[in-house]
Every structure is written in structure tokens, then in C-alpha cells.
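Novice: give me coordinates for this.
(2 chains)
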Amino acid sequence: MIRKSASLLAAICLMAGPLAAETITINGAGATFPYPMYSKWFDEYHKIHPEIQFNYQSIGSGGGIRQVTEGTVDFGATDGPMNDEQLSKVKGKVLHIPTVLGADVPVFNVEGVAELKFTGPILADIFLGKITKWNDAEIAKVNKGVKLPDAPITVVHRADGSGTTYVWVDYLSKVSKEWETKVGKATSVNWPVGLGGKGNEGVAGLVKQSPGSIGYVELIYAKQNQINYGSVKNQAGKFLKADLEGVSAAAAKAKIPADYRVSITDAPGEKAYPISSFTWLLVYENNTAEKGRIIKDFLNWMVDKGQGMTKDLSYAPLPENVRLMVKKTIKTISAGENAGSSKNGR
Amino acid sequence: MPAVQRTAAEERIDSRSKRVTGLRERAGDRAFRWFVAGFGWMIIALAVMVGLQLAVGSQLTWTKLGAPFLWKSDWDPVAEKFGALPFIYGTLVSSALALLIAIPLGVGSAIFLAELAPRRVSDACTFLIELLAAVPSVILGLMGIFLLVPAVRSVEPTLTKFLGFLPLFRGVPYGVGLLTAGLILSIMILPFITVITREVLLAVPRSLKEAMLALGATHWETVVGVSLPYARSGIAGAVFLSLGRALGETMAVTMVIGNTPKISWSLLDPSYSMAAVIANELTEAVGDLHLSSLIAIGLTLFAITVVINGLARLMIYRVTRRGAAA
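Specialist: The predicted model follows:
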């Protein structure tokens, strides 16, 4: 009995040890797409700085933006940039910090066909319901030598609101005027045709089973599950099968504005994969001294050391020019320096 | 259960409780009464609060779109046009379909388990059926995607060929759609109907059945003439409990219904349910009106559930009264 209570006491002392050093928790919420990457980063960072704990809830981009607007978190994360109206609702200024890149790939199930080439307008017309057969002249034109069946096309899209959808329809809006006016871009849209699958796995599952179907999934998902996907023609006229280099290349050649709110779909450059996108952390420009210092330190670590870990998880790292740009932006984040003028001292 | 027939036992309890109050309630008793009454009220408060919270959250939709939200059928988050009708339709039709399949199956197997099967077989089967009720809906959904959808897809052309004269069975054989959703829901609610119905059938007094048999009735006549009428309020209760579950089921349905907000006569066409659209779009709903409309769908679902449960009560009340009068 005495031994038991003694060991219990010891355990309590051990537990109290790190507590005494006072753990600082930084709370964040948002996008689900980069969650595996963020969780790895927060974990690694915690190993170097045991007193700092990042708590990230992957509740979706919409939720991330809302929580940042309400000021209930220290940082947010999103797959689609905030628009001006949303930014104006936030007290104080919010910065978009790009962290990694992702891409969408077209997946298909056509009997006897292993490789297919697509162009932007073809994809847009298929998803608009204008191209309805696999042996359509438009598809045949870019796929010379492929035996295309006279079969109807079944379109499969994401049913759940998602950054993956945002990137896909953002691309379709850029390459097709009709798509832009009829459907537009958002995390969920009013699909003209097709079936909705839940999540990447839902879309991939439906495509795998339905002969004659086409859908889109995240590049990471396709890679991890070894799903074959088609190549897409980029702005320079090259047909590219998505890979991490192509995705990073899209960001390298794109014109990046100072606030990073930019879509890099249909980017210029021979090596640029056209359906790529950034994902962003949302941080406040003004922070309390303590949290500001930690967030800045973490972001600096993320663009240096952190970027080296991206490829293990199949995320595309930031290209060098963007990385250097982000480093400069991090310097503008205040850690209590002008707290007097700030209303959002968290 | 509303107090329709006051049985002798109830009468007795009532008079006894009067006596206790008459004898001056002890402090401990009073405290206990308040204590449990508090819990009772808490449940009511919880339901009211859920309703209120949904009403507050969906205010923007009601002020901006008004009641037409309920019967408009476009759903376009980009253009901020929202209408709940396709979701209401999908929810009601898939649930109705599920009941249509599950009631005969469930009641039939319950009759077998309660009246015909040897006790040991019956108990073993009941245990297995209860296990079926414990399968998480996401697992059933996965089963739906990988087994049911391909099976339905392979059957659909035959359905169209022989029943295609009905608009219910026309269309492209996608495999996903209302029919598949109804099937998966019927699998989910089947255990509830079977197990509860078996219990109420077992509760039918032996003397009644024996009397019937003694009069020369066949087994079938006993079941139809005595057991089922005696148990009907319990069976109705089981059915409505299941309906409640079918209406609110999210995960399994969203995985097989096709998630397309369109109203179509055909059971083969993809559709959408209210619970599914909330689960799918809530996390990434960035626009205020979008979010509010999703909550408004939640409120509508809540209202539908309340109305259906109310109707169920009414029906059970009617049935039992008629039963008592007969």
C-alpha cells in the first residue's frame, strides 16, 4: 500500500515536472487537406521546443475562416484564400502564409484504356455535360491511337465541400467561360451533371466501380492508393502527368502577389502542372508578445526545416522564390511591438 | 404511452401515491421527487434548446429567402440560391422505401422467432440480429459502396427491362441512388423492427393463444387473429422508432445515395438526403447564407421528425383505443 502510494506520488511529481515549466498552447483550426503535414510539423516542432504545444483542429477551411474572424483561435488554415469581404470582417489584419502545394488529378475508368490525355476545355465540357461519349471527336483528337469506346461518360464529383473541389472548379473556370458563368467556383457548387461521392475515397470508389466514369481526386490520394490518372495539357501546350515537381513548378512560374492570395491553376511554364494550388495558414499581423514570437519562430522553422519533410508525405514543397518571399513576410508579423494599436491581443 | 386504458394496476398505484401525499411527504421523498422531476424537465429543455438553437442559426435564411426555401429546388452555393425540396424528397422517399422493405421482413422474421422457432434457435438468432444493430453506420456504408452498389447496378437493367413501364424504374443504371439508399436503410432498421416485434409477440398472454388453439384455430389463425392485433401498438412503436432512425441516418446514406440535389421520379436516379447535405457541406460552408441554409435544413429535419413522431403517437393512440373498444 505504502509502496503504491509512493509510486503514485512519484508519478504525480513527474507529471507536474513539465507542467511547472508551463506549456504554452497555440490553438489553430481549419483545412483538412494539409492536416497530415501540419500535424507532422507541429509534432516535430514540439520535439525541439517541448514547452510549446500546437493544437490544430482540422474542421475544414470554412470553419477555419470563421474561427479566425471570430478571434477564437491563434491561427487558421484554408485551402481557398479569403475574399475581400471576409477579410474586412476580421478585426485587425490577417496574413495568408502559403505552406505547401497540392494538386488535383483526373481519374477515369474506361475499358481497355490505361492512359488518357485531357485538355482544360475537354474537362470543362465533360463536367458541363456537353461531351457525353468517350469516343467524342474532341477527346479522340488529343488521344490519337487510343481505342475509345462508344460508351456514355458518367461524371463523379465530390459531394462534400472541399478544397479539392475548389481547385478543380477554379481551373475549369479559367479554361472555360461557360463554366465560369454557369457554375463558378466555390468549395461546393451546383454540378450540372454527375454523381457525388463523399471524400476522395468516395469519388475513387465510384470511379473504380462504374465503367465509363471520370472524376477527380487529390494527387496525394491518387499516389498513396496507386490510382492511375490522366495527363492534362498546360498553358504552354505540354501534356503533363501530375507529380510533385510539376506542382512546385506551377508555383515558381506564377506571379505571386504580396498577400499570396493567388490561384496558380493554369499557370504558365513548360513544367507547370495546371491544376495545382497553395494551401495557406492564416495568421494575425498583431499578436501578443509571447504568442507572436512563437508563431514567427514556427513559421521560420516551417519554411526552412519544415519544407524538407513535405516529400515524405507527398506534398509539394514551396519553390525557392516563394520560400524567400514568405521569409520576408514573416518578419512583418508583430509580436506585441504595436500591441497598443491592436485590438486583437490574444 | 398515453393513458388510454387505465388498468387496475395503474389505478392501484395512483391511489397509493395519493395516500403517500396524504400521509405528509417526507423531506427525503420530496427532495427525490424534485430531483427526478428536474431530470425530466431537462430532457424537455434540451429538445426546446435544440430547436431554438437551430432557429437562431438559420435566421438569415428565413429572413432572406423566407418560406419558399422549403419548396424551391435549386441548390447553388456559388449563386447563393438555396431550396430544400430535393433533400426533403430524398429523405422521405428513401425512408419510406426502407420501411416498405423492412416491415414485412422484420415482422415476418419476428413471428418466426417468437412463435415457430425453438426457443434456443430463437435466442441465438435474436442475439445475432442485435449484433447487426450494433454495426456502425459507416461500416454499412462501406459495405454499401463495395457490395450493394455493384449488385444493384447489375440488377438495374433487368428492373428497367421488366418494370420500365413504371417511371419508378427508368434511368441510367448508376448503382447509386434512392433504391440503394432505401436498401441500406432497410438493413439498418431491420434489427430494431425484428427484435422489438419479437419481444411484444412474446409478451402476448399464453392463455389467449392457448384459448384460440383450443377452439381449433390453426397456428396461422392464432398469429393473425390474436398475436398481431394484441401486439400492434408495440409493432407500430417499433416501426416509428425505425423511421426516426432512417430519417436521420447520415453516413451510410451519403455513401450510396449519389448526392445529387435533383428530384426525379425514378428510384434508380441519384438523390440527396437532408442529413447527408448537412454532413457534407457544413465544414466547408464559407458563405453566411450557405451555412444558415444548412442549419435551416437541420431545423426542417427536426420539425419533420417531431411531426412524424406526433403522428405516430396519435396513430398508436387510435389503434389502442379501437383495440380496447373491440
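
Novice: next one: stretch A:153-163 to chain centre, how far?
Specialist: Distance of stretch A:153-163 from the chain centroid (Cα atoms, centre = their mean, to the nearest Å) equals 16 Å.

Novice: need the residues of the stretch 101-250 of chain B near chain A, please.
Specialist: For the stretch 101-250 of chain B, the contact set with chain A under Cβ under 8 Å from any Cβ of the partner chain comprises B:I145, B:F146, B:V149, B:P150, B:R153, B:V172, B:Y174, B:G175, B:V176. C-beta: built from backbone N, CA, C; applies to glycine.

Novice: the stretch 201-346 of chain A: helices as residue ranges?
Specialist: With DSSP state H, counting those that start in this stretch as the definition, the stretch 201-346 of chain A shows helices at residue ranges A:219-224, A:244-253, A:289-304, A:320-331.

Novice: A:D160 is nearest to which of those helices?
Specialist: helix A:219-224 (13.7 Å; Cβ to Cβ).

Novice: filter the residues of the stretch 101-250 of chain B next to chain A to the buried ones?
Specialist: Of all those considered here, the ones buried according to neighbour count by 16 or more other Cβ atoms under 10 Å in any protein chain shown are B:I145, B:V149, B:R153, B:V172, B:Y174, B:G175, B:V176.

Novice: so can I have CSV of the residues you listed showing pLDDT, distance to A:Y260 and secondary structure?
Specialist: Converted to CSV, these look like this (pLDDT from 0 to 100; distance: Cβ to Cβ, whole Å; DSSP: H, G, I helix; E, B strand; the rest coil):
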residue, pLDDT, distance to A:Y260, secondary structure
B:I145, 86, 38, helix
B:V149, 89, 42, helix
B:R153, 88, 45, helix
B:V172, 81, 43, coil
B:Y174, 87, 41, coil
B:G175, 87, 42, coil
B:V176, 90, 39, coil
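
Novice: from those residues, which two are the most distant?
Specialist: For these, with distances taken as Cβ to Cβ, the pair at the greatest spread is B:I145 and B:V172 (18.1 Å).

Novice: which parts of the chain belong to which domain?
Specialist: The chain I'm using is chain A. Chain A is divided into the following domains under automatic domain parsing: A:24-102+A:278-330, A:106-252+A:262-276.

Novice: please go with chain B instead
Specialist: Residue ranges for the domains of chain B, per automatic domain parsing: B:2-57, B:67-325.

Novice: including distance to A:M325, could those domains go into a markdown table?
Specialist: A markdown table is the format used below for the domains of chain B (distance: least, Cβ to Cβ, whole Å):
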| stretch | distance to A:M325 |
| --- | --- |
| domain B:2-57 | 40 |
| domain B:67-325 | 26 |
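
Novice: quick one, helices of the stretch 51-200 of chain B?
Specialist: Listed in chain order (using DSSP H, counting those that start in this stretch), the helices of the stretch 51-200 of chain B are B:59-64, B:85-111, B:119-133, B:137-143, B:149-163, B:178-202.

Novice: ok, and which of these has the densest surroundings?
Specialist: Mean neighbours per residue, mean count of other Cβ atoms under 10 Å in any protein chain shown, is largest over those for helix B:178-202, with a mean of 24.

Novice: and the angle from it to helix B:85-111?
Specialist: Here helix B:178-202 points in a direction 40 degrees away from that of helix B:85-111 (axes from the mean of the first three to the mean of the last three Cα atoms, to 10 degrees).

Novice: sounds good, over and out.
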